[in-house]
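>>> generate a structure from the sequence data that follows.
(chains A and B)
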Amino acid sequence: MAVEDLSLKVPAGEICVLVGPSGCGKTTAMRMVNRMIDITEGDILIDGESVTARSPAELRREIGYAIQQIGLFPHLSIADNIGTVPKLLGWDKERISARVDELLELVSLDPADTRDRHPGQLSGGQRQRIGVARALAVDPPLMLMDEPFGAIDPINRERLQNEFLRLQQEIRKTNVFVTHDIDEAIKMGDKIAVLQKGGKMAQFAAPAELLMYPASKFVEDFVGADRALKRLALQRVRDIDLWKAATVRVGEPVSEARAKLADADLDMALLVDDQQRPLGWLSDRALAGERVEDNRRSPADPIVEMDDILRDALSDLLSSDTRYGAVVDGAGRVAGVLSLEVIGGFLHEPSTEARSGADLVES
Amino acid sequence: MSGASALGIPVIAQDAPEDFFGDRADTCVRDDGFCPDWIADNYERYIDPFWEHVFLTVVPVTIGFAIAFSLALLAHRRRWLIGPVAGVTGALYTIPSVAFFFLLQPITGLGKTTAIIALTCYTLLIIFRNVITGLAAVPAEAKDAGRGMGLTERQMLWKVELPLALPEILAGLRIATTTTVGLAALAFLANGGGLGAELDAQRFFKSNVVVAGGLSILLAAVLDLIILAFQRLVTPWQRAAT
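Got it, this is the predicted structure:
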């Protein structure tokens, strides 16, 4: 039996990722939802209504469906591909046409340039976008996506993932998302169901919880030895307690600067301009006289932004000479200092708020 | 004139050059040669056989297509039928046409009907196999996506599978048509008429063979081009891709 005794509840408007090794039944489980595979025992309820109460074709038209191989119809134009389900539901021509344009824009393609082309004329990444657009055609509240970004190169995949997460912020679909890639699961999922062979649920949890408290050896292995690092991908710089920085200006009395230094977490003064923007780290000689002089030991590099993902910020720190970096807010003003110790401390203590992947939209 | 003299036949002086002209044409015809003048004078006698030949091609191909296409759709749903249908149509294909005509003679007599039945049978294998191959070559992911979007089996067949199988189906139709043009030249054996009858009537006369045979080849080429043009028209995506 491909899927045995699997039970889970997907809250409306959330992305639930089914992840597991190949042959674990994740695709089978997803395909049961729109009756591509019929369930032999048990039931699947959508909004309280059993899927078996509907005719399969009717049910499927109300559920968005996107697969790794995309499955665009090569003989139809992009517009006709996207308009497939609307046409089945009897929409009139103008409404379909308007919806096609809207969807093409939604997935960042130029309607005028794209709508009359055939799938064979598009790149892999463009086809994946069309696949997603087609699945969204009738604005279905529920989406089934089976490795929808699986067939493209890593750079385009990352872009599409980010675009989809941004889209999800707007459209708030309930989404059953299948992948074998734990990193994708952590990135995309509000909730992650880790499946074991036979469709057995190994763990069902939010990404952060999964990474911090794997329920079994299987989950721990599946999540990977670098699960601590993966947690960094779930957090942004703004989410952790930064060090306080001693920010000083040229011409400021040294006594004031020294007071700030005593109060700061890092024994190093950061020279800023009038707008509090970082200029560089000061040397001891800068504070030798009565007033602060512009005598820098190193440029203010790296500069980390509050919105950066912690993983990226860590990477910046590791690739620079210093083990700390100034953190700036949206306006470029210094907000604190991020150091390897700060990140290390964060990894030691469980985060208080388990943030979900959907909030991790790159913008 | 010099030729005639060389043979030692005295040239009888005649007053009108056209008589001389007719004389030479007669010689050509008597020698069963290739005589453009004779062809120019006699092309009208090929018009009716030509249209008969068109009839003997188009009717069997049309009926054959209807039968083979229906069988293929049936076998597409019930896969176990493919073997038996291919077997039977394949067996029909191997029957020599002369034998076929004589086998049918007690039932349908001699004439166009017999010829058409036999010619129809010869088209079945090619068309059936090409429809089946074409349907089988439809990308599985397109079918999966179609099913997942809620196409019914019938919608899938007519909106996805058949359009995508069209190039293969039309390729089969082209082979069947060309083959039938050739086979229809034997329809005269069943008293079916056509260009074959003309061909047979004076089979040693080069002019006749060239005209009757040439018209048959021309017909095959024209019909082939018509179907090809149709295919181009209905499968624009094939040119669009890459």
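
>>> contacting residues for residue A:171?
Counting by CB atoms under 8 Å, 6 or more residues apart in numbering or on different chains, residue A:171 touches A:136, A:139. Where C-beta positions appear, they are placed from N, C-alpha and C, glycine not excepted.

>>> how does it look with 10 Å?
A:13, A:106, A:136, A:139, A:141, A:143, A:164 (CB atoms under 10 Å, 6 or more residues apart in numbering or on different chains).

>>> tabulate those residues (JSON lines), appending pLDDT, secondary structure and neighbour count.
Shown next, in JSON lines, are those (pLDDT from 0 to 100; DSSP: H, G, I helix; E, B strand; the rest coil; neighbours: other CB atoms under 10 Å in any protein chain shown):
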{"residue": "A:13", "pLDDT": "91", "secondary structure": "coil", "neighbour count": "14"}
{"residue": "A:106", "pLDDT": "86", "secondary structure": "helix", "neighbour count": "16"}
{"residue": "A:136", "pLDDT": "92", "secondary structure": "coil", "neighbour count": "22"}
{"residue": "A:139", "pLDDT": "90", "secondary structure": "coil", "neighbour count": "13"}
{"residue": "A:141", "pLDDT": "91", "secondary structure": "coil", "neighbour count": "15"}
{"residue": "A:143", "pLDDT": "94", "secondary structure": "strand", "neighbour count": "21"}
{"residue": "A:164", "pLDDT": "88", "secondary structure": "helix", "neighbour count": "25"}
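
>>> out of those residues, who's near chain B?
Restricting the contacts of residue A:171 to those touching chain B (CB under 10 Å from any CB of the partner chain) yields no residues.

>>> quick check: the farthest pair among the residues you listed?
A:13 and A:106 (17.4 Å; CB to CB).

>>> just the helices in chain B please.
Along chain B, counting by DSSP state H, helices occupy B:2-6, B:17-30, B:36-42, B:47-77, B:82-94, B:97-108, B:112-136, B:140-148, B:153-155, B:162-183, B:195-201, B:206-234, B:236-240.

>>> of all those, which lies closest to chain A?
helix B:140-148 (2.8 Å; CB to the nearest CB).

>>> other residues contacting the lowest-mean-pLDDT helix or strand in chain A?
Lowest by mean pLDDT, DSSP states H and E among the helices and strands of chain A is helix A:227-232, with a mean of 83. Contact partners of helix A:227-232, identified using CB under 10 Å, 6+ apart, comprise A:182-183, A:186-187, A:207-208, A:210-212, A:214, A:219-220, A:223-224, A:226, A:240, A:309-315, A:343-344, A:346-348, A:350-351.

>>> go with 8 Å
So helix A:227-232 is contacted by A:182-183, A:186, A:208, A:211-212, A:214, A:220, A:223-224, A:309-311, A:314, A:343, A:347, A:351 (CB under 8 Å, 6+ apart).

>>> stretch B:27-46 too?
Contacts of stretch B:27-46 (CB under 8 Å, 6+ apart): B:21, B:25, B:195, B:198, B:204, B:205, B:206, B:207, B:210, B:211, B:212, B:215.

>>> which one (most neighbours) among these?
Within the contacts of stretch B:27-46, most neighbours by other CB atoms under 10 Å in any protein chain shown means residue B:195, with 28 neighbours.

>>> residue of the stretch 201-350 of chain A with the smallest distance to chain B?
Closest point on the stretch 201-350 of chain A to chain B, by CB to the nearest CB, is residue A:201, at 24.1 Å.

>>> now do the contacts for that residue.
Contacts for residue A:201 (CB under 8 Å, 6+ apart) come out as A:6, A:7, A:8, A:193, A:194, A:195.

>>> if any of those residues are buried, put those into a ChimeraX selection.
Selecting only the buried entries of these in ChimeraX, with 16 or more other CB atoms under 10 Å in any protein chain shown as the criterion:
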select /A:6,193,194,195
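
>>> now distance to residue A:123 too, for the contacts of residue A:201, in JSON lines please.
Formatted as JSON lines, the contacts of residue A:201 follow (distance: CB to CB, whole Å):
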{"residue": "A:6", "distance to residue A:123": "37"}
{"residue": "A:7", "distance to residue A:123": "40"}
{"residue": "A:8", "distance to residue A:123": "36"}
{"residue": "A:193", "distance to residue A:123": "32"}
{"residue": "A:194", "distance to residue A:123": "33"}
{"residue": "A:195", "distance to residue A:123": "32"}
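
>>> filter the contacts of residue A:201 down to just the ones in strands.
Among the contacts of residue A:201, the members falling in strands (DSSP state E) are A:193, A:194, A:195.

>>> show me which residues of chain B are close to chain A?
Residues of chain B lying close to chain A by CB under 8 Å from any CB of the partner chain are B:139-152, B:155, B:160, B:163-164, B:166, B:235-237, B:240-242.

>>> if we use 7 Å, what do you get?
When proximity is defined by CB under 7 Å from any CB of the partner chain, chain B lies next to chain A at B:141-142, B:144-145, B:147-152, B:160, B:163-164, B:237, B:240-242.

>>> just the buried ones from those residues?
Buried by 16+ other CB under 10 Å: B:141-142, B:144-145, B:147-152, B:160, B:163-164, B:237, B:240, out of the residues of chain B next to chain A.
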